[in-house]
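Student: Show me how the following folds:
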Amino acid sequence: MSASPGRLTVLAGPTAVGKGTVASYVRERHPGIWISVSATTRPPRPGEVDGRHYHFVSDAEFDEMVARDELLEWAVVHRSARYGTPRRPVEEVLATGRPALLEIDLQGARQVRARMPDALFVFLKPPSWEELVRRLVGRGTEGPQERARRLDTAREELAAEPEFDATVVNTRVPVAAAELVALMTGAQEPTPRHSP
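Tutor: Down below sits the predicted model:
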């Protein structure tokens, strides 16, 4: 096995596009790929487990992580909760040569690009705007005001697709996950794009 550093892949896209679902599918079927667990100040949703889905932390704990520069990236998402990627676990895994995946929002992806420009940036896109709305409403985890806020954010996030190295359309989770893994492992090359 190579001792050269692993490559970091950043998966981002609009709210409700299925980033977490695709990442979970990859985690279950590709144990060789390490997936970062983000820290967040939002409360857990039903069924979410601390340390597996997210590290659920208080605002004060998050402030301490920022002050100690322990986060590779962080952002306020949907004008409410903060999310961030703990830096040390990412660096440790990459040093072993293992491929690593960050499933984060657009703001976070931009911060990681500034710090780690050699990472592969993959945009997860819905098959259509109508499908994105259906998925957000269908999951039933947000009230009407929060849904409206997230859809406003999603419109802005969709416009950022050209900033990414590759796009995966999430029509079906197994297909999207397979395409993501192929990009991560070099079995599929990203389609060349012009820089924005």
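
Student: Now the helix or strand bottoming out on mean pLDDT in the chain - C-alpha only, CSV.
Tutor: Per-element confidence for the chain was summarised using mean pLDDT, DSSP states H and E. The lowest value among helices and strands belongs to helix 129-139, with a mean of 84. Taking only C-alpha atoms (Å, rounded to 0.1, in the frame of the first residue of the first chain), the coordinates of helix 129-139 have been written out as CSV:
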residue,chain,number,x,y,z
TRP,A,129,-35.8,21.9,-9.1
GLU,A,130,-39.2,20.3,-8.6
GLU,A,131,-37.6,17.1,-7.3
LEU,A,132,-35.5,19.1,-4.8
VAL,A,133,-38.6,20.8,-3.5
ARG,A,134,-40.3,17.4,-3.2
ARG,A,135,-37.4,15.9,-1.2
LEU,A,136,-37.2,18.9,1.2
VAL,A,137,-41.0,18.8,1.8
GLY,A,138,-41.1,15.0,2.0
ARG,A,139,-38.5,14.6,4.7
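
Student: what about that helix, distance to the chain center?
Tutor: The chain centroid and the centroid of helix 129-139 are separated by 18 Å under Cα atoms, centre = their mean, to the nearest Å.

Student: Check the offset of the helix or strand following it from the chain's centre.
Tutor: Taking DSSP states H and E as the definition, the helix or strand that follows helix 129-139 towards the C-terminus is helix 144-158. Shown here is helix 144-158, whose average C-alpha point lies 17 Å from the average C-alpha point of the whole chain (Cα atoms, centre = their mean).

Student: which strands and helices sit next to helix 144-158?
Tutor: The contact analysis (3 or more Cβ pairs under 8 Å, 6 or more residues apart in numbering; DSSP states H and E) places helix 144-158 against helix 129-139. (Glycine included, C-beta is placed from N, CA and C.)

Student: which strands and helices sit next to the helix it packs on?
Tutor: Under the contact criterion of 3+ Cβ pairs under 8 Å, 6+ apart, the helices and strands touching helix 129-139 comprise helix 144-158.
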